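J.: how would this look folded up:
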Amino acid sequence: MGRILTEKDVEAAVRGGSVYAAGGGGWSDHGRMLGYAAVSVGRPELVTIDELSDDDWVATAAAIGAPASTTAWEMQGIDYVKAVQLLQDALGEKVAALMIGQNGKSSTLNGWLPSAILGTKVLDAVGDVRAHPTGDMGSIGMANSPQQMIQTAVGGNRAENRYIELVVRGATAKVSPILRTASDMSGGFIASCRNPLRASYVRDNAALGGISLALTLGEAIIEADAKGGSAVIDAIVRTTGGTILVEAEVSAKSVVYTKEAFDVGTITLGRGDGAITLHVMNEYMAVDDAGGNRLATFPDIIATLSPQGEPMSVGQLQIGMPVFLLHVPKTLIPLSSSVKDPSVYLICETALGISIADYALG
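T.: Predicted coordinates:
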């Protein structure tokens, strides 16, 4: 039997998801809006892959864009529901469950409102336990597939007449950039539902249990809250099995918003021989020490925490801020087939000018 998601699960999903957001992953308030709306209008249900039939349709509910930027984005909860409806219409069949492309400040909850309204289950599976910059990274092995896929996008700034509804068909690699362009045109952030696949495929290719991981982490954070920041940080380290690589102040930040709707650049923690460089593409993709030695690389979880234990996004970090740098190696989390797919790394390596695939695939 599935787990009915309730009001207390909303905050846990947001708080745990915010760590796995890895410096990106949307807005906490957007996540709370989605979660509280879902649990107030219906009974969203979290199920494991074993509760689905092999031939059930599973689609991915996602939000596309880089809302850390200063764009005039607008996304309403109903946009996530409409995206699912458009996909079901195009597919001509019901979608049994929704997975998500990644955890994040809001993305952990992307499937909850459609579940409450349409009855689609929230599948305890993710395209990636942590947040990442491209849809391909959460596409569970579809990035290079010639198979025709359906992808939908809904949302936009209504006041500026930027609202868009979009249904596209084609190979994932060819149609994903269309959705990213639509996101930019809509104001920088758009709801999507994409890549309907059979549950049997999802079982073999997704990172199973990824939503439970976020909920468990969030519950540990909430429990530690009353004891203060260091207790919260301890709870995050203990629950994830990770380590704090460094505690230092932000000494430099050079991140720019590109026309492809990515935030790209570097953030430096500490100074001199102790300086640590974070490579950013929406999220933290790699960490180097002052000597250029690699300390952490995607798909490891890399997060910056305030002294209060709050996960800080790239957009929140400012020079002079003290932060704790969390590292959870990829060996401690379930990995999807998409993070083991060599084709997904070129765009990031080109944007950042660093190697990622050597580690990610090693």
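
J.: got any ranges where the stretch 251-362 of the chain has weak pLDDT?
T.: For the stretch 251-362 of the chain, residues meeting the criterion pLDDT under 70 lie at 261.

J.: all strands of it, in order?
T.: Here the stretch 251-362 of the chain has its strands, by DSSP state E, counting those that start in this stretch, at 263-269, 276-281, 283-289, 294-297, 301-305, 311-312, 322-328.

J.: now for those strands, which one comes closest to Y80?
T.: Nearest of these to Y80, taken as C-beta to C-beta: strand 283-289 at 21.1 Å. To be clear about C-beta, it is placed using only N, CA and C from the backbone, and glycine gets the same treatment.

J.: Now do the contacts for N110.
T.: 34, 61-63, 80, 98, 100, 191 (C-beta atoms under 8 Å, 6 or more residues apart in numbering).

J.: same thing but 10 Å
T.: 17, 26, 30-31, 34, 60-63, 80, 83, 98-104, 122, 191-193 (C-beta atoms under 10 Å, 6 or more residues apart in numbering).

J.: Give me the subset of those lying in helices.
T.: Among those, DSSP state H puts 17, 30-31, 34, 80, 83 in helices.

J.: so which of those is the most crowded?
T.: G17 (33 neighbours; other C-beta atoms under 10 Å).

J.: For the stretch 1-150 of the chain, which segments are assigned as helices?
T.: 7-20, 28-41, 77-91, 112-118 (DSSP state H, counting those that start in this stretch).

J.: measure the closest residue to V126 other than its chain neighbours to D124 for me?
T.: Excluding the flanking residues, the one nearest V126 by C-beta to C-beta, 6 or more residues apart in numbering is G210, at 3.1 Å. Relative to D124, G210 is positioned 7 Å away (C-beta to C-beta, to the nearest Å).

J.: now do G242
T.: Per C-beta to C-beta, G242 is found 21 Å from D124.

J.: ok so, going back, between G210 and D124, which one's more packed in?
T.: Set side by side, G210 and D124 show more neighbours around G210, with 26 against 23, by other C-beta under 10 Å.

J.: thought that one was touching Q102?
T.: Yes. The pair G210 / Q102 is scored as a contact, 8.4 Å apart, by C-beta atoms under 10 Å.

J.: residues shared between the contacts of those two?
T.: Contacts common to G210 and Q102, judged by C-beta under 10 Å, 6+ apart, are 17, 20, 108, 126-130, 336.

J.: okay, those residues in a markdown table with distance to R43 next?
T.: Formatted as a markdown table, these follow (distance: C-beta to C-beta, whole Å):
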| residue | distance to R43 |
| --- | --- |
| G17 | 21 |
| Y20 | 25 |
| T108 | 18 |
| V126 | 22 |
| G127 | 25 |
| D128 | 27 |
| V129 | 26 |
| R130 | 28 |
| S336 | 28 |
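
J.: Among these, which one has the most neighbours?
T.: Counting by other C-beta under 10 Å, top hit in these: T108 with 35 neighbours.

J.: Now do that residue against D89, distance only.
T.: For T108, the distance to D89 - C-beta to C-beta - is 26 Å.

J.: before we move on, back to that, tell me which of the helices of the stretch 1-150 of the chain approaches S313 most closely.
T.: helix 7-20 (8.4 Å).

J.: and the closest one, what other elements does it pack with?
T.: helix 28-41, helix 112-118, helix 210-224, helix 229-240, strand 301-305, strand 311-312, strand 322-328 (3 or more C-beta pairs under 10 Å, 6 or more residues apart in numbering; DSSP states H and E).

J.: hmm, back to that, among the helices of the stretch 1-150 of the chain, which is nearest T258?
T.: Closest among the helices of the stretch 1-150 of the chain, using C-beta to C-beta: helix 28-41, at 22.2 Å.

J.: Mind splitting this structure into its structural domains?
T.: The record's domain split for the chain, according to automatic domain parsing, is 3-210, 227-360.

J.: ok, and which of those domains has the densest surroundings?
T.: Among the domains of the chain, domain 3-210 has the highest mean neighbour count (mean count of other C-beta atoms under 10 Å), at a mean of 22.

J.: Just the endpoints, please. Distance across that one?
T.: One end of domain 3-210 sits 15 Å from the other (C-alpha to C-alpha, to the nearest Å).

J.: what's the answer for stretch 352-362, then?
T.: One end of stretch 352-362 sits 20 Å from the other (C-alpha to C-alpha).

J.: so where do the strands sit in the stretch 51-200 of the chain?
T.: Using DSSP E, counting those that start in this stretch, strands in the stretch 51-200 of the chain cover 57-65, 97-100, 121-126, 148-155, 164-171, 189-198.

J.: Among the shared contacts of G210 and Q102, which one sits closest to I267?
T.: R130 (17.0 Å).

J.: which residues sit in contact with the nearest residue to A21 once chain neighbours are set aside?
T.: Distance criterion C-beta to C-beta, 6+ apart; nearest residue to A21, sequence neighbours excluded, is G104 at 4.3 Å. Contact analysis of G104 by C-beta under 10 Å, 6+ apart lists 14, 17-22, 24-28, 30-31, 62-63, 110, 126, 128, 130-132, 214, 283, 313.
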